[in-house]
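K.L.:
Mind folding the following:
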Amino acid sequence: MDVTPYKPPTDSAVRPGYGKLGRPVNLKANFFKINALPNHKINQYHVIIGDGSRLTRMLVNKIWNSKELKQQLGSSWRSCVYDGKSLLWTKDDITDFFISVNIGNEKREQLIDFGIQKTTTINLQTLTEFVNSKYALDPHVLNGIMFLDLLLKKRPSETLYGFMRSFFSGESTFALGNGIEAWKGFYQTIRPTQGQMSVNVDVSSSAFWRDGSFLSLLLEYTNSKDVQSLTRIDFKTLSRRFRLLKVTCKHKNNQGTPLSRKVYSIQGFSSNRASATTFTRNNNGKSETISVSKYFHEHHNVRLQYPDLPCVVVKNGAMLPVELCYVEKGQRYTAKLNADQTAKMIRFAAQRPHERVQQIQGFIRQSAWDTDPYLAEYGMKIASSMTDVSGRILNTPSICYGGNSIERPTGGSWNLRGKRFFKPAGAPVKSWAVMCFTSSRKLPTVVIENFVKTYVQALTGLGIQFSQKKPPIMYADARANISESVKGLYRKAELVSKCPPDYLFFIVDRNSPEPYGSIKRICNTTLGIPSQCALSHHIQAAKPQYCANLGMKINAKLGGINTVLQAKSNPLGTVPTLIIGADVYHPGVGASGVSIASLVGSLNLEGSKYTAVSRAIPRHQEVIDDMKDVIVHLLQGFKASTGAIPQRIIYFRDGTSEGQFKFVIEQELGEIKAAFQKLSLNYNPKVTVCTTQKRHHARFFIKNKQDGDKNGNPLPGTIIEKNVTHPFEYDFYLISHATLQGVTAPVHYTVLHDEIRMPPDQFQALCNNLCYVYARSTTSVSLVPPVYYAHLVSNLAKFQDPTLDNDTDSVVSEENSEETVKPLAEISGKLKSKMWFM
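P.N.:
Next up is the predicted model:
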């Protein structure tokens, strides 16, 4: 049939007004007002360097600090603001030029071309008009913000280790293990806010490689007891981990004089040990083959202590002995931290709110904006105190459990004592079985039986009935294939109960990818059966509260509904509304696997039960390839489950930066609209698109104790939509949860497209109240559940990738990262209407 292409709007939704409900609250925000913008017109130039390829930060720094460029720019050199790539700004009028600069040394000249061409003039008055809603977002505004950001970075970049918008001195550190350190620094960025430009300043924590001896780092990273142990290490795998790490080679020439300090970039390791790795050199006109160890002995008078170790291969192809290499300070560790390192990082980064405020104020004093020569040159002035903001504390919703039980949570939490699920899983559990992946010596059968008894009692109290209260218990054969063990448990349950199992229960020793990944893959795709995993130490403890927590997951997996919002607390009302949550997962640096797009869609009118779909997409792609078909599937699922056709669609999209907002509107909204027309040319429900952002640095601090919790954080339900939000676009910050430790991070909601036009009070209440019906918890959560569920789906979908062996520590080479994407293994049709991902 003919389909009319959807033409997306060009701009985000404009704020329709402000909410009024809730108790007013006064807060402080870590935003600092820019009291005076530069009063000059700023000239913008396009920078040309050579042919534009292979521009490293080190090369650009050499060029920028070259004698030729300083002479060419004269007094303007110091005041120029350069982004290190292709843009340069200055208040001076500089004539376009094109010169050659020498980036070589005294022995060898190395010339590279450098030129600038004026492209435009920026009048920063447009920023003042923009924050007062009198000027639209255009290149002048974007370039003006970029210029201010870089001007603010200019001074700290001279003395600190800078990464994007974060800066570190390397003084506040903490060992995470395996040669990795946690550093604490500060983050700063320019933000357009209501009526003023502001600087957002926050504490920043990141992982870094420990500097010093590379040999010591290798020993620590590989958990090797001694150097001899390193000779048995697979250096091919390590090559990928240490690729591009910068090192210096510390040795002297044969006269005993230290060589000039040169920084090398690791490309890998030699396939042979240093004593057997050879190269050809010119020796008095004769070609000679010599080993690396012999060369360093003859040429540098260095006798290697460890000639049996391989060499470090650096960017120019040179071979350097490992023991002579030293890691440069200030290099971020970008791979995923292991569980122990992550726990240490969380403890290192956690601060009480008043400590966070003190540290931010300390960074402000350290930055000394009032004495910054670059800010002074341009006439820019920034306040030294945080911005006062007004917020509101929304009413806590009431939630329904079985037997007409109503709960009104306090402080964002409640408990299940004396409650039954709103809708327990239908038929009694007739068949299930338990498999233990630890030995019977560590976890005897009697211990498991005791846990099962407590577990069945707890779930029965919540409304889940069991026909089989004593399931068969098996121990997995450590030598057997995990897949066959899982299938064997299925057959055992079926044999004992004379019917297929309702679900399978697994006990694992540790929180690791295996056997968890294989269990989930087999159960979700091959067998089509819900599964539940539990750690062995919880089985030993057999606490009723833990069993009740498992019950929440099991009930949802079996098709039940744990709780719903009371009708008066549900802004959806009775209008059939499909709620969609979407997330795109990307593997970490060096990790194998494809990117995964996951979407969930509601299956009931209350918005508390969901189905899920995931798709493999090329690495780091944001586009969901067949999103139209996925949306059709979600629409059909809603109709099949409720008997109603959605009249409204609310699409929550996570993981997008502000630079991707236009893409969400143009691409994903277009796909949603195309799905409507695929179902019927006359079907056109109203759509609201809202992004959710967790990775930002806006933080809010209470001014009065009565407005905070026991830790000093704002209370759950605190919403901020004035002062530090966008000048005119529809956004707000929401704190919907309580934080056990540290400073509460709000979620930033931005409505990009709004056809439904719920009043602000109604939409804000929807976002807040949904956080109280997250099926895995008896606490309100920080993010609307459909987005949380999309995260869970992506985490499980990783195990459906047919190209992986489910080893999350495996790595991928650059050459293989762009292979054709193979589809994920399909979730069994038997699970499609259940929340199998819980």
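K.L.:
mind listing the strands for the stretch 351-500 of the chain?
P.N.:
Along the stretch 351-500 of the chain, counting by DSSP state E, counting those that start in this stretch, strands occupy 381-382, 387-393, 399-401, 405-407, 432-436, 473-475.
K.L.:
partner strands of the first one, parallel or antiparallel?
P.N.:
If you go by DSSP bridges, strand 381-382 pairs up with strand 31-36 (antiparallel).
K.L.:
Give me the longest helix you can find in this structure.
P.N.:
Taking DSSP state H as the criterion, the chain has its longest helix at helix 139-159.
K.L.:
Can I get that helix as PDB, trimmed to CA atoms?
P.N.:
Presented in PDB, the C-alpha positions along helix 139-159 are these (Å, rounded to 0.1, in the frame of the first residue of the first chain):
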ATOM      1  CA  PRO A 139      25.400  27.900  14.700                       C
ATOM      2  CA  HIS A 140      26.100  31.300  16.300                       C
ATOM      3  CA  VAL A 141      24.800  30.000  19.600                       C
ATOM      4  CA  LEU A 142      26.400  26.600  19.400                       C
ATOM      5  CA  ASN A 143      29.800  28.100  18.400                       C
ATOM      6  CA  GLY A 144      29.500  30.700  21.100                       C
ATOM      7  CA  ILE A 145      29.000  28.000  23.800                       C
ATOM      8  CA  MET A 146      31.900  26.000  22.300                       C
ATOM      9  CA  PHE A 147      34.100  29.100  22.500                       C
ATOM     10  CA  LEU A 148      33.200  29.800  26.100                       C
ATOM     11  CA  ASP A 149      33.800  26.100  27.000                       C
ATOM     12  CA  LEU A 150      37.300  26.100  25.600                       C
ATOM     13  CA  LEU A 151      38.100  29.500  27.000                       C
ATOM     14  CA  LEU A 152      37.200  28.200  30.400                       C
ATOM     15  CA  LYS A 153      39.400  25.100  29.900                       C
ATOM     16  CA  LYS A 154      42.400  27.100  28.700                       C
ATOM     17  CA  ARG A 155      44.000  27.700  32.100                       C
ATOM     18  CA  PRO A 156      43.400  24.300  33.700                       C
ATOM     19  CA  SER A 157      44.700  22.600  30.600                       C
ATOM     20  CA  GLU A 158      48.100  24.100  31.200                       C
ATOM     21  CA  THR A 159      48.700  22.400  34.500                       C
END
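K.L.:
which residues sit against it?
P.N.:
34, 37-38, 42, 44, 81-83, 87, 89, 120, 122-124, 126-127, 130, 135, 162, 165, 167, 188-190, 192, 197, 199, 367, 372-375, 378, 380 (CB atoms under 8 Å, 6 or more residues apart in numbering). Yep, even glycine has a C-beta here, placed from its N, CA and C like the rest.
K.L.:
quick one: it to strand 31-36, angle?
P.N.:
110 degrees (axes from the mean of the first three to the mean of the last three CA atoms, to 10 degrees).
K.L.:
what about helix 139-159, average pLDDT?
P.N.:
Helix 139-159 carries an average pLDDT of 95.
K.L.:
Equivalent analysis for stretch 586-603, please.
P.N.:
Stretch 586-603 comes out at a mean pLDDT of 86.
K.L.:
export that stretch as PDB, just CAs?
P.N.:
What follows is stretch 586-603, C-alpha atoms only, in PDB (Å, rounded to 0.1, in the frame of the first residue of the first chain):
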ATOM      1  CA  HIS A 586      27.400  -0.500  23.300                       C
ATOM      2  CA  PRO A 587      30.300  -2.900  24.300                       C
ATOM      3  CA  GLY A 588      33.100  -1.300  26.200                       C
ATOM      4  CA  VAL A 589      36.500  -0.400  24.800                       C
ATOM      5  CA  GLY A 590      38.200  -3.600  23.600                       C
ATOM      6  CA  ALA A 591      35.300  -5.800  24.500                       C
ATOM      7  CA  SER A 592      33.800  -8.100  21.900                       C
ATOM      8  CA  GLY A 593      30.300  -8.200  20.700                       C
ATOM      9  CA  VAL A 594      27.800  -6.100  18.800                       C
ATOM     10  CA  SER A 595      25.800  -3.100  19.900                       C
ATOM     11  CA  ILE A 596      22.300  -4.000  21.000                       C
ATOM     12  CA  ALA A 597      19.100  -2.000  20.700                       C
ATOM     13  CA  SER A 598      16.300  -3.000  23.200                       C
ATOM     14  CA  LEU A 599      12.700  -1.900  23.400                       C
ATOM     15  CA  VAL A 600      10.000  -2.800  25.800                       C
ATOM     16  CA  GLY A 601       6.300  -2.100  25.500                       C
ATOM     17  CA  SER A 602       3.500  -2.100  28.100                       C
ATOM     18  CA  LEU A 603       1.000  -4.900  28.100                       C
END
